[in-house]
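**Student:** Need coordinates for the below:
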Amino acid sequence: MANEPAERAATELLLIERDRERAVLDSVITELGTGRPAVVAVTGRPGLGQHALLRWAARLAEDRGLRVRHARATGAERELRHGAVVQLTGPPQGPPHELPCRPDRLAGMTELLCAARSRPTLLVVEDTQWLDPASLQWFQALVRRLPGTPVALLAGSSGIPVHDTPLPCVADWPTAPAVRTAELALSPLSAHGIATAVELICGIAGDQRFTEAAAGLTAGHPAVLHTALRRFTGYGYAPVAGYLPELRDLVTAAAGDHTARVLHGLPDAAVAVLRALAVCGGLLDLPLVCLLAGQRHLSETKLRAVLEASGFTTAGHAAPRVHDPLVRARILEEMPVDERADLHARVAECAHRAAAADEDIAELLLHARPLGTPWAVPTLRRGSAAAQHRGEHAVAVARLSRALDEPLEPEERARLQFELAAAEAMTAPEAGDRRLAGITRAEHGAGRLRARATDLGLARGNSDWGRRTAAEAIPAAHGAERDGLIALYWIAEQTRQDDTELVMPEVPALPDRPADAPRAGVRAWQLALRGDDPDATRALARSALAGPADADSLFLPRLVACRALFLTDDTEEAERHLDALLDGARRHRTPTVVGRVLGIRAELHLRCGRIGAAERDITAAERALPFTSWHPYAVPQLLGLRLTIDLENGRRDQARALACAPTPAGAEDSVLWSFLLFGRALVAWADGEPAVALELLRECGRRLLRRQWINPALLPWRSTAARLAHTLGHRDEALRLSREELRLARRWGTASALGRAELGAAPAAGPARTDRLRTAVAVLRDSPARVAYAGALAELATAEREGGDRERAAELAAEAALLTAACPVPRLAGRVRLLATDLRSPAAPAVPEAPEHHGWDTLTEAERRTALLAGCGHGNRDIADLLSVSRRTVELRLSGAYKKLRISGRGELSALVRAMDGC
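**Tutor:** I've put the predicted structure just below:
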């Protein structure tokens, strides 16, 4: 009795949307009570509720005083004569020696019909598809004897024809007009029915997303829905969208259980064909599928009927298809592993002969035993390339891994290992590094792949791995491969932060003028980092990039040569070579190199003021290889670049969030950490924390100097720190840093480096500030550093305005406005617009002469400029943009000015300035 409520609830669920069928059965039972016989068939795919409907009818008949007899056919009794009949009539009565020698073909029928004359009888038979031949004949004979007898036969079937002579459909039953006939075909639940079921089982109505998901997952199958929801509520879950993952898992399990039950009820031949169909996926026509399943003599018409009635397949052009991937997986799970692998292999061979698509064959080969055929590996490689193109990197890795199971020559195996390591950068980068290291240590078959493997592994940013791997491979290498490994070693050495190693590998130093391209490119990068000899740097970089890149070319030496070129202000040339490198990396499907090239090109765009292009490239770099796939050493440079771009675009909140975000363990151990420190300093400066920004820049400089990365063109940390030091009143430090950057920039000699140095030296130049700015503008005018040039124009315009030359200031502001329109930089463009507007307004002169007041002499120059602008009515944001400082700096200056002038706030300051004709 404890299970009665649960069983009743289950029955109610399985009877949802069965009102039409129940009405028919109700009327049949009512007429049976008046003596009218009937034959009713209830059909549908397995699990649609046939049994529940039959049992509901049986209970209804019992409640109305009718006799009810019940039988259920099973596959186990398929060979038992009269198995279902005995359940209705009972076994033969009497001593064994009195029983007839030959079984009676209509045993028990006379007694049943006689008993029905005194009390109408309902015969309920479930799963008639499993009736044994003798029972089938008995029921056919019964149907012919129904006229005038108060007997109704209610037969339920899954519709699966498991033998050649099933119970005929209602239309074929030879009945008289006095016998009522009906056929009730059940269908899946509608969306409304599923919503009703959810409320019935869960106790509350499900939200729309939940019920829609339940409909999609169960396809309206009542049995699967009931099982899944019962388990769902048993765990205490509520029917809301937040529990959709749990619902999905439970439906998967319930659907699998249902599939297993139905499979066990199918003929063996049908199961064999279903397995073959689950593997083929519609690639082959049905006769060929039957041949693969070892069922070449099956009737195709009957087979299609069985498959359709099972509910597992849908009609296809050439053959039925197993439509549900969960069902397909469960069908194949029932097979032994060896048989499953062999079936996949045979299907793959047939699909290859039928010229199926590469990806379809590759998917078959994933689960097949090794074939040893000449087409298997090329097919898997092409399938992997297609998957990579779609961004399905796990699939690409799986297909290349499967290719390695085939018998291969050492050279081909090494190439496949290399391709697999490149693909694993997206899914398992550490495994890819180990695979590449194995290639470099291989004694046979690696060929020139040793250098390429080191190049690819180093591109992900692990300089320690690159140094160690290159040093180990150099002794066994010769010729061009040896030169390439030496070049790669020195690339890795340049980014090493830890200089405390006691034993260094014995690797030849780079000559001053290498003859080979890889070492020439790295030598150019060495000179560029140290700020030495820009002409030699340019010549070496061009030498490294002179020849076309082929399949054996190393990427990183060419990439650092491109970086050396844009440090020498040859940005157009560098961009052309970066584009070529990017095409090659995409062609060779190396996402690590693609991401690396895009990151460098984003840096070039940023230097040239193309902020939109820089953002597109850094976004594409993150998409090509997410931050999580880079080695921790490489992440800081990319993060620093991204937050700098966000700042230039005026997205300060995003930049701040990125600056505060946690970094991978070990990221601080690389010299590239300096790039993130520089970006964080810019964010701190923008947030009005100059002291924090200055300390970050000091640490940035210390790290760069430790590795002898001296060139100010690489990262202008000195000039930026000088500005901050000047703001904070550290005049000596500001002068020292600005002079040092000027000296190094003059030694390097490019317009961009020198112009930035002059611009950075201006705030600490005192009376010579305007001259410094004029020099910066003149030097930067023909440089590729468009953002720096626009900034210099804005600062010079401000200085000229403060000096009283409003006409010259307006000309400079107009030029800056044109420049920011051509190269949109939102942060700078806003500042330029504000400056131009201020210059056009007669009510807002530049910086007025200081009014006479006993406190003005005590103000610093910065405080006087800030106080005068505030007194003229400018807000803190406007003042910050006009003076190129943060709002926090403006607030600090005004606070100091109020104290020295002994006033309480901006109102008194405005009155003071107006009284002295300062505005």
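**Student:** was I right about Ala536 contacting Leu527?
**Tutor:** Yes. The pair formed by Ala536 and Leu527 meets the contact definition of C-beta atoms under 8 Å, at 6.0 Å. The C-beta positions use only the backbone N, C-alpha and C, and glycine is treated the same way.
**Student:** Looking at those two, which has the bigger crowd around it?
**Tutor:** Neighbours were tallied for Ala536 and for Leu527 using other C-beta atoms under 10 Å; the higher tally belongs to Leu527 (24 against 15).
**Student:** Can you tell me the closest non-neighbouring residue to that one?
**Tutor:** Nearest residue to Leu527, sequence neighbours excluded (C-beta to C-beta, 6 or more residues apart in numbering): Thr537, at 4.4 Å.
**Student:** my guess is that neighbour meets Thr568, correct?
**Tutor:** Yes. With contacts counted by C-beta under 8 Å, Thr537 reaches Thr568, the gap being 5.7 Å.
**Student:** Now do the contacts for Leu404.
**Tutor:** Leu404 makes contacts with 413, 416-417, 420, as judged by C-beta atoms under 8 Å, 6 or more residues apart in numbering.
**Student:** looking at those residues, which has the most residues close by?
**Tutor:** Gln417 (23 neighbours).
**Student:** wait, what's in contact with it?
**Tutor:** Each residue near Gln417 by C-beta under 8 Å, 6+ apart is listed here: 404, 435, 438-439.
**Student:** Touching both of Thr537 and Thr568, which residues are there?
**Tutor:** Ala528.
**Student:** Ala76: how many residues sit nearby?
**Tutor:** Other residues near Ala76 come to 9 when the count uses other C-beta under 10 Å.
**Student:** Please report how far it lies from Gly83.
**Tutor:** From Ala76 over to Gly83 the distance is 9 Å, taken as C-beta to C-beta, to the nearest Å.
**Student:** now, among the contacts of Gln417, which is nearest to Ala182?
**Tutor:** If you rank the contacts of Gln417 by distance to Ala182 using C-beta to C-beta, Leu404 comes first, at 62.0 Å.
**Student:** Let's see the ChimeraX selection covering just the buried ones among the contacts of Gln417.
**Tutor:** Applying 16 or more other C-beta atoms under 10 Å to the contacts of Gln417, the buried members can be selected in ChimeraX as follows:
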select :435,439
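**Student:** pLDDT for the contacts of Gln417 - can I get that in TSV?
**Tutor:** As requested, the contacts of Gln417 are arranged in TSV below (pLDDT from 0 to 100):
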residue	pLDDT
Leu404	95
Arg435	93
Gly438	90
Ile439	90
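**Student:** In JSON lines: the contacts of Gln417, plus distance to Arg747 and secondary structure.
**Tutor:** Rendered in JSON lines, the data for the contacts of Gln417 read as follows (distance: C-beta to C-beta, whole Å; DSSP: H, G, I helix; E, B strand; the rest coil):
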{"residue": "Leu404", "distance to Arg747": "53", "secondary structure": "coil"}
{"residue": "Arg435", "distance to Arg747": "44", "secondary structure": "helix"}
{"residue": "Gly438", "distance to Arg747": "45", "secondary structure": "helix"}
{"residue": "Ile439", "distance to Arg747": "42", "secondary structure": "helix"}
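**Student:** Make a markdown table from the contacts of Gln417 and add distance to Ala509 to it.
**Tutor:** Formatted as a markdown table, these follow (distance: C-beta to C-beta, whole Å):
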| residue | distance to Ala509 |
| --- | --- |
| Leu404 | 39 |
| Arg435 | 30 |
| Gly438 | 29 |
| Ile439 | 26 |
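**Student:** any idea which helix or strand carries the residue nearest to Arg18 when sequence neighbours are not counted?
**Tutor:** If the residues on either side of it in the chain are set aside, Arg18 comes closest to Leu53, at 6.0 Å by C-beta to C-beta, 6+ apart. Element membership for Leu53 (DSSP states H and E) is helix 50-63.
**Student:** Might one say that Val787 is in contact with Gly609?
**Tutor:** Yes. Checked against C-beta under 8 Å, the pair Val787 and Gly609 is within contact range at 4.3 Å.
**Student:** Pull out the buried positions in stretch 616-627.
**Tutor:** Buried residues in stretch 616-627, defined by neighbour count with 16+ other C-beta under 10 Å: 617-618, 620-622, 624-625, 627.
**Student:** actually stretch 35-45, sorry about that
**Tutor:** Residues of stretch 35-45 classed as buried: 36-45 (neighbour count, 16+ other C-beta under 10 Å).
**Student:** ditto for stretch 806-816
**Tutor:** Within stretch 806-816, the residues scored as buried using 16+ other C-beta under 10 Å are 806, 809-810, 812-813, 815-816.
**Student:** Out of these, which is nearest to Ala776?
**Tutor:** Leu812 (11.9 Å).
**Student:** Which helix or strand contains the closest one?
**Tutor:** When the helices and strands are read off by DSSP H and E, the one containing Leu812 is helix 806-822.
**Student:** List the contacts of that helix.
**Tutor:** Helix 806-822 is contacted by residues 609, 777, 786, 789-790, 793-794, 796-798, 800-801, 828-829, 832-833, 835-836, 839-840, 845-846 when judged by C-beta under 8 Å, 6+ apart.
**Student:** pLDDT weak spots in the stretch 701-850 of the chain?
**Tutor:** Applying pLDDT under 70 to the stretch 701-850 of the chain flags the ranges 821-824, 826, 840-850.
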